[in-house]
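Novice: coords please:
(2 chains)
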2 protein chains.
Amino acid sequence: MEHAGLEADLLRRLRDALPDPAARGFADDAAVLSWPLGLDLVATHDMLAEDVHFTPACPAADIGWKLVAVNLSDLAAMGAKPVALLLGAGIGAGRDPGWAGALLAGIRQAIERFGGALVGGDTIRSGPASVLALTAIGSVPPGRALGRAGARPGEDLWVSGTIGDAGLGLEVALGRRAANPRLLKRYRRPTPRLALGLALRGLASACLDVSDGLLLDAARLAEASGVALEILSARIPLSEDARSSDVPVTDLAAMGDDYELLFAAPASARPRIEAAARAAATPVARIGRVEAGSGVKVDGARPERLGHMHR
Amino acid sequence: MEHAGLEADLLRRLRDALPDPAARGFADDAAVLSWPLGLDLVATHDMLAEDVHFTPACPAADIGWKLVAVNLSDLAAMGAKPVALLLGAGIGAGRDPGWAGALLAGIRQAIERFGGALVGGDTIRSGPASVLALTAIGSVPPGRALGRAGARPGEDLWVSGTIGDAGLGLEVALGRRAANPRLLKRYRRPTPRLALGLALRGLASACLDVSDGLLLDAARLAEASGVALEILSARIPLSEDARSSDVPVTDLAAMGDDYELLFAAPASARPRIEAAARAAATPVARIGRVEAGSGVKVDGARPERLGHMHR
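Specialist: Numbers count the residues shown, from 1 in each chain, chains lettered A, B, ... in the order given. Down below sits the predicted model:
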């Protein structure tokens, strides 16, 4: 049969590397899944492109991991549990089956860590640059999905983890900052906050994941909810690496790729949120308040620069 | 906010052009859908890349239509009904919002014609060439999905529509054949055989869609089912345009992009298949038989060339 070598090899690797009962998709035209009775379906689709989201030198396994993680982060922000993933692998000219195999290894590592199953996909030649697409399908009890639009004046504003590490890691990857494996890992191997997202159902009034910088994503939450957000810079959680960098906190809060959850909740929910964060083994910090109005203020002033828009 | 112009404009067009109750996906991180109670989920993901699946000169609306059609064709082959679509639009350098708008118009036309709803997606810059990805999610009653693996010796082999028109249309598009709007349309605006796929549930023992040429896809069905397929060339359905071309039928059967359904069924099902085809307003032709063994024969001989593999 006239299979082009690279595609046939990648497809074989997909089949061998990720066996799953639902993965009829690799033999049939599509995958078939029993859907959990009565649950709503949550679906998201994010792409990563060479020279835009990753450099040609980025290890393929890290690209695969990140492709899964950024999509699962969207599910986390909705309070959804991963069920199935579909991969679109547009392999650029000059990439060999070894590169594709490492990409798949990274995808598999992320799926083993975070859940879900790779059930189907497509692999094509995509011209000079690689373009990778992933669809993540998750489940949530009816009417319980989190969204961006529910924040109300008087509520607290929270964020998980630490902010700015991934942005500093990008500078490490680009050779603009001294080598630091912790920061580089935060950039290349983000952790979707799935357990926290599940735990926030019924607690958070609004939630999104911080992908393009804390301030820019805060502005999105503010706009969707029709409120203003007041952030105190001293409350923004920073790692030791970020603290010891020479970067002002408002710049760290304008860097991308954190994949932390930013959410609002009434003050009455504080003890339950802290318990949920402990149960999810994910630190959270109360960084500000929801107010009437619009836009984002940091320490009472409009920030000069909101964020990093790489899409 | 620092939205890059093209992406922001395309996202706005997505939001404006395709309003749908489920399309929280364009405001939230992901789309939320009530899943039809008790139905299985069928999911597929196909990509189209510039210079591989379409030329830079191809009208953007036709690309959008075909992106939807090729994915829905996979659902048709499984006997599934379209529910939701997620779009990954990797827009190449040099494409303006007008191009993206035409792409979306073609996507909308296909969705209006064939069903489903665009509920989410992503849009990115993708380097020099455009790379488009679509995920189609469909529904099917539990255990009723069609697959490739069920053909048994003694059964009939059927195909819908006519074969080779799209391949001739590609030659028209490339300027290698005299202008012919009918053939060009078969190539650029394929029709997924959704009604026929639904009607074949419980009748066909195996089914797939013909995307890379009748003979190559027949070989895939034979391999998945562990059988041989015997095709009679005189039975392969041809349009008047194909008949009057100078192309031998075995070459037409090795051309791609037909998006017809190839399926096997016991002889006892003939009257019901003919009734199903009439009800679906889709012609079908009995082109051969399933035999013990492996591979594909045409008029008793192994074809020199099976098909056209563009993926």
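
Novice: so where do the helices sit in the stretch 51-200 of chain A?
Specialist: A:60-77, A:97-114, A:165-173, A:181-188, A:194-200 (DSSP state H, counting those that start in this stretch).

Novice: and those helices: which comes nearest residue B:88?
Specialist: helix A:60-77 (10.9 Å; C-beta to C-beta). (Glycine included, C-beta is placed from N, CA and C.)

Novice: assign a three-state SS to residue A:285, would you?
Specialist: For residue A:285, the assignment made with DSSP: H, G, I helix; E, B strand; the rest coil gives strand.

Novice: partners of it in the sheet?
Specialist: Under the criterion DSSP bridges, residue A:285 forms beta bridges with residue A:159.

Novice: ok, how many other residues are close to it?
Specialist: 18 (other C-beta atoms under 10 Å in any protein chain shown).

Novice: next one: residue A:274
Specialist: For residue A:274, using other C-beta under 10 Å, the count is 14.

Novice: show me what the helix or strand harbouring it is packed against.
Specialist: Applying DSSP states H and E as the criterion places residue A:274 in helix A:270-279. Applying 3 or more C-beta pairs under 8 Å, 6 or more residues apart in numbering or on different chains; DSSP states H and E, we find helix A:270-279 packed against strand A:156-160, helix A:194-200, strand A:284-291.

Novice: turn those into TSV, columns for mean pLDDT.
Specialist: Formatted as TSV, the helices and strands packed on helix A:270-279 follow (pLDDT from 0 to 100):
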stretch	mean pLDDT
strand A:156-160	98
helix A:194-200	98
strand A:284-291	98
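
Novice: how about the ones you listed in CSV, adding distance to residue A:257?
Specialist: Shown next, in CSV, are the helices and strands packed on helix A:270-279 (distance: least, C-beta to C-beta, whole Å):
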stretch, distance to residue A:257
strand A:156-160, 14
helix A:194-200, 17
strand A:284-291, 18
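
Novice: residue A:256 is nearest to which of these?
Specialist: strand A:156-160 (14.4 Å).

Novice: which strands or helices does that closest one pack on?
Specialist: strand A:228-231, strand A:260-265, helix A:270-279, strand A:284-291.

Novice: wait, which of the helices and strands packed on helix A:270-279 is closest to residue B:42?
Specialist: Comparison of the helices and strands packed on helix A:270-279 against residue B:42 by C-beta to C-beta identifies helix A:194-200 as nearest, at 25.0 Å.

Novice: does chain B sit close to that closest one?
Specialist: No - Helix A:194-200 is not in contact with chain B by C-beta under 8 Å from any C-beta of the partner chain; minimum separation 9.9 Å.

Novice: dump that helix to PDB, keeping only the CA atoms.
Specialist: Provided in PDB are the C-alpha atoms of helix A:194-200 (Å, rounded to 0.1, in the frame of the first residue of the first chain):
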ATOM      1  CA  LEU A 194      -7.500  19.300  37.600                       C
ATOM      2  CA  ALA A 195      -8.000  18.200  41.200                       C
ATOM      3  CA  LEU A 196      -8.500  21.800  42.300                       C
ATOM      4  CA  GLY A 197     -10.900  22.500  39.500                       C
ATOM      5  CA  LEU A 198     -13.100  19.500  40.500                       C
ATOM      6  CA  ALA A 199     -13.000  20.700  44.100                       C
ATOM      7  CA  LEU A 200     -14.100  24.200  43.200                       C
END
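
Novice: now whatever helix or strand comes next after it - C-alpha only, PDB.
Specialist: The element immediately downstream of helix A:194-200 (helix or strand, assigned by DSSP H and E) is strand A:206-210. Presented in PDB, the C-alpha positions along strand A:206-210 are these (Å, rounded to 0.1, in the frame of the first residue of the first chain):
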ATOM      1  CA  ALA A 206     -16.200  32.100  38.300                       C
ATOM      2  CA  CYS A 207     -13.000  30.500  37.100                       C
ATOM      3  CA  LEU A 208     -10.500  30.400  34.300                       C
ATOM      4  CA  ASP A 209      -7.000  29.200  33.700                       C
ATOM      5  CA  VAL A 210      -4.100  31.700  33.500                       C
END
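
Novice: can you list the buried residues in strand A:206-210?
Specialist: By neighbour count with 16 or more other C-beta atoms under 10 Å in any protein chain shown, strand A:206-210 contains the buried residues A:206, A:207, A:208, A:209, A:210.

Novice: what residues sit buried inside the helix holding residue A:274?
Specialist: Neighbour-count burial for helix A:270-279 flags A:273, A:276, A:277 (criterion: 16+ other C-beta under 10 Å).

Novice: so who does residue A:196 touch?
Specialist: Residues in contact with residue A:196 (C-beta atoms under 8 Å, 6 or more residues apart in numbering or on different chains) are A:76, A:160, A:261, A:276, A:277, A:280, A:282, A:284.

Novice: for those, give me a markdown table that also has distance to residue A:152.
Specialist: Shown next, in a markdown table, are the contacts of residue A:196 (distance: C-beta to C-beta, whole Å):
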| residue | distance to residue A:152 |
| --- | --- |
| A:76 | 22 |
| A:160 | 21 |
| A:261 | 18 |
| A:276 | 19 |
| A:277 | 21 |
| A:280 | 24 |
| A:282 | 24 |
| A:284 | 19 |
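
Novice: name the nearest of those residues relative to chain B.
Specialist: residue A:76 (8.5 Å; C-beta to the nearest C-beta).

Novice: burial of the closest one, as a residue count?
Specialist: So residue A:76, with other C-beta under 10 Å, has 34 neighbours.

Novice: ok, it - contacts?
Specialist: A:192, A:193, A:194, A:196, A:197, A:198, A:209, A:261.

Novice: test my guess that the fifth one contacts residue A:80.
Specialist: Right, residue A:197. Yes - look at residue A:197 against residue A:80 with C-beta atoms under 8 Å: they come within range, at 7.2 Å.

Novice: single out the most deeply packed of the helices of the stretch 51-200 of chain A.
Specialist: helix A:60-77 (a mean of 27; mean count of other C-beta atoms under 10 Å in any protein chain shown).

Novice: gap between that helix and the chain center?
Specialist: With C-alpha atoms, centre = their mean, to the nearest Å as the basis, helix A:60-77 stands 6 Å off its chain's centre.

Novice: one more: stretch A:89-104?
Specialist: The answer for stretch A:89-104 is 22 Å, by C-alpha atoms, centre = their mean.

Novice: dump the C-alpha coordinates for that stretch into PDB.
Specialist: Presented in PDB, the C-alpha positions along stretch A:89-104 are these (Å, rounded to 0.1, in the frame of the first residue of the first chain):
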ATOM      1  CA  ALA A  89      -0.300  15.900  14.500                       C
ATOM      2  CA  GLY A  90       0.900  18.200  11.600                       C
ATOM      3  CA  ILE A  91       4.500  17.100  11.300                       C
ATOM      4  CA  GLY A  92       6.800  19.600   9.700                       C
ATOM      5  CA  ALA A  93       9.300  18.800   7.000                       C
ATOM      6  CA  GLY A  94      12.600  17.500   8.400                       C
ATOM      7  CA  ARG A  95      11.000  15.800  11.400                       C
ATOM      8  CA  ASP A  96      11.700  12.100  11.500                       C
ATOM      9  CA  PRO A  97       9.800   9.200  13.200                       C
ATOM     10  CA  GLY A  98      12.200   9.500  16.200                       C
ATOM     11  CA  TRP A  99      10.900  13.100  16.800                       C
ATOM     12  CA  ALA A 100       7.300  11.900  16.400                       C
ATOM     13  CA  GLY A 101       8.000   9.000  18.800                       C
ATOM     14  CA  ALA A 102       9.300  11.400  21.400                       C
ATOM     15  CA  LEU A 103       6.300  13.700  20.900                       C
ATOM     16  CA  LEU A 104       4.000  10.700  21.600                       C
END
